[in-house]
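Colleague: my questions are about this predicted structure, shown below with the sequence.
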Amino acid sequence: MKRRALLSTVAGSALGLTGGCLSDTDAPTETPTDPQTTTATTDAPSESDTPDSESDPGVGLSVVNEDDEPHALSVRVADDDETRVDRSLDVGAGPGYGRNVANDLVDDGRYRVVAELESGATLDYEWTVTNETRRLELVVTSDAGLEPRRLVTPALDDADLPYSVPGAADIFSPPTAGIRNRSDADARLTVAIEHDGTRFFEHTFDAATDREISTPALVESHGTYEVFVEADDGRTASHEWHIPETWAWPMLAVLVAADGSLRVGCAWPETASVRVANEAETEREVTLTLVRPNDADAGGDDAGVGTDSGGAVVSETAQTVPPGESNVSVDVPIGDEYELAVETPAGSETVDYPACYCWSTDVTVTVGGTSAGASNGGDDGPSVESFQYVCE
């Protein structure tokens, strides 16, 4: 059985950057009365959270924690003549916790950034500040290391952007593209975008491992676009970038993953959590399968394994859940419009599962319930309640 979410609206919680989590799937403060058939709206991201490519006239330094433990950080920024920043600060547990260190701290030029964690990890980095590289992130890695990440905002003066589709509705927040390289080798990536067979954008980016690129706004009209990405060594990926009128804050994510695979989608990878309520008095087996439908993009290194229905399995988690409530993790390798299949020995159910920036899905699964005439020792099949969040 397949259940699709319908539209509704509730109040939501705002997202913040300074001293907070960078997740774009924070749950709203109010729960819909019938979450099985609901799409909810949350407050729009704050200015510091949105994937905005507009250049900041100042020069900024920030820290992001990708570790699940808090840390204490000391950092110093200096040039030949003087120390510009010398401070210590606490960094909350991640992944995704971020905070500013300093803004408007230097002019164009070269600076030495020295940082150290209480764990002993150190970083000694030469930061070159230009008009396109005016911000630097100090990244606390998942293994409590330190890495630099330059935030690059190329002007792309050779492109006529954002692209407009005649007669189509305007997007409230025209989307940018973010380009990240999490592998151990620099790459050159060519990104091309088409609409109805017309290629209106093509640009090659230097995706070095110590930088994150954010483009200007690419499109300003709701619609469906085809995105093609090719690395200089022949790796390719593609994505059908569907921007419905209910999605006001879209983005495009281009990723070279840690294993070197090339991925493109509507949000960065994440580990999602599905709530499972086991109403039985004994353990139950639950399998969660994330599937890219057969009418969605299947190109690239993250295409997945085909299914009998024509879709592609991109991740699968099998877990034994105890009586009561628990959480089961789902690996989302890149944002996309997926389906989530929930299976137990008593049956299965599938729901739509968008996993995009500012368009996400919350799922609760109930297992171990019984009703008259139920098969498999009295168990009903799984009951799946889902509702989708979009930023308004």
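Modeller: Thanks, I have the structure now. Quick caveat: nothing in here was measured; it's all calculated off a predicted structure.
Colleague: going forward, measure contacts between C-alpha atoms and count neighbours the same way
Modeller: OK.
Colleague: and the nearest residue in space to N327 that is not next to it in sequence, how far from T361?
Modeller: Leaving aside its sequence neighbours, N327 sits nearest to R275 (C-alpha to C-alpha, 6 or more residues apart in numbering; 4.6 Å). Separation of R275 from T361 (C-alpha to C-alpha, to the nearest Å) stands at 12 Å.
Colleague: more neighbours, the two?
Modeller: Set R275 next to T361 and count neighbours by other C-alpha atoms under 10 Å: T361 wins out with 23 against 17.
Colleague: in which helix or strand does that one reside?
Modeller: strand 359-367 (DSSP states H and E).
Colleague: same question for Q388.
Modeller: Assigned by DSSP H and E, Q388 falls in strand 383-391.
Colleague: what of V101?
Modeller: Going by DSSP H and E, V101 is in strand 97-103.
Colleague: now do that strand: which elements does it pack against?
Modeller: strand 20-21, strand 60-65, strand 83-91 (3 or more C-alpha pairs under 8 Å, 6 or more residues apart in numbering; DSSP states H and E).
Colleague: ok, which of these comes nearest R235?
Modeller: Relative to R235, the nearest member of these by C-alpha to C-alpha is strand 60-65, separated by 29.3 Å.
Colleague: compute the inter-axis angle for the closest one and strand 97-103.
Modeller: 160 degrees (axes from the mean of the first three to the mean of the last three C-alpha atoms, to 10 degrees).
Colleague: would you map out the domains in the chain?
Modeller: Following automatic domain parsing, one gets these domains for the chain: 2-44+270-391, 60-152, 177-265.
Colleague: circling back: tell me the strands beside the helix or strand containing the residue nearest to N327, with direction?
Modeller: In this structure, R275 is located in strand 270-278 according to DSSP H and E. Strand 270-278 has the following strand partners under DSSP bridges: strand 324-332 (antiparallel), strand 359-367 (parallel).
Colleague: in the chain, which residue is closest to the centre?
Modeller: W268 (2.7 Å; C-alpha atoms, centre = their mean).
Colleague: pretty sure that residue contacts I334?
Modeller: Yes - contact criterion C-alpha atoms under 8 Å: W268 and I334 qualify, at 5.4 Å.
Colleague: please enumerate the shared neighbours of the two.
Modeller: A253 (C-alpha atoms under 8 Å, 6 or more residues apart in numbering).
Colleague: now do the host helix or strand of E343: which elements does it pack against?
Modeller: Applying DSSP H and E as the criterion places E343 in strand 336-344. Judged by 3+ C-alpha pairs under 8 Å, 6+ apart, the packing partners of strand 336-344 are strand 284-292, strand 347-355.
Colleague: can you tell me which helices and strands the first one packs against?
Modeller: Contact partners of strand 284-292 among helices and strands, from 3+ C-alpha pairs under 8 Å, 6+ apart: strand 312-321, strand 324-332, strand 336-344.
Colleague: what helix or strand does the closest residue to E118 other than its chain neighbours sit in?
Modeller: Nearest non-adjacent residue to E118, counting by C-alpha to C-alpha, 6+ apart: A72, 5.5 Å away. Per DSSP H and E: A72 is located in strand 71-78.
Colleague: using CSV, list the CA coordinates for that strand.
Modeller: This file holds the C-alpha atoms of strand 71-78, laid out as CSV (Å, rounded to 0.1, in the frame of the first residue of the first chain):
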residue,chain,number,x,y,z
HIS,A,71,35.1,20.8,21.7
ALA,A,72,37.1,23.8,22.9
LEU,A,73,38.9,25.6,20.1
SER,A,74,41.7,28.2,20.2
VAL,A,75,42.4,30.2,17.0
ARG,A,76,44.8,32.9,15.9
VAL,A,77,44.9,34.8,12.6
ALA,A,78,47.9,36.9,11.8
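Colleague: list the helices and strands it packs on?
Modeller: strand 83-91, strand 109-117.
Colleague: list the contacts of the residue nearest to N100 when sequence neighbours are not counted.
Modeller: Among residues not flanking N100 along the chain, S62 sits closest, at 4.2 Å (C-alpha to C-alpha, 6+ apart). Counting by C-alpha under 8 Å, 6+ apart, S62 makes contact with G98, R99, N100, V101, A102, R135, L136, E137, L138.
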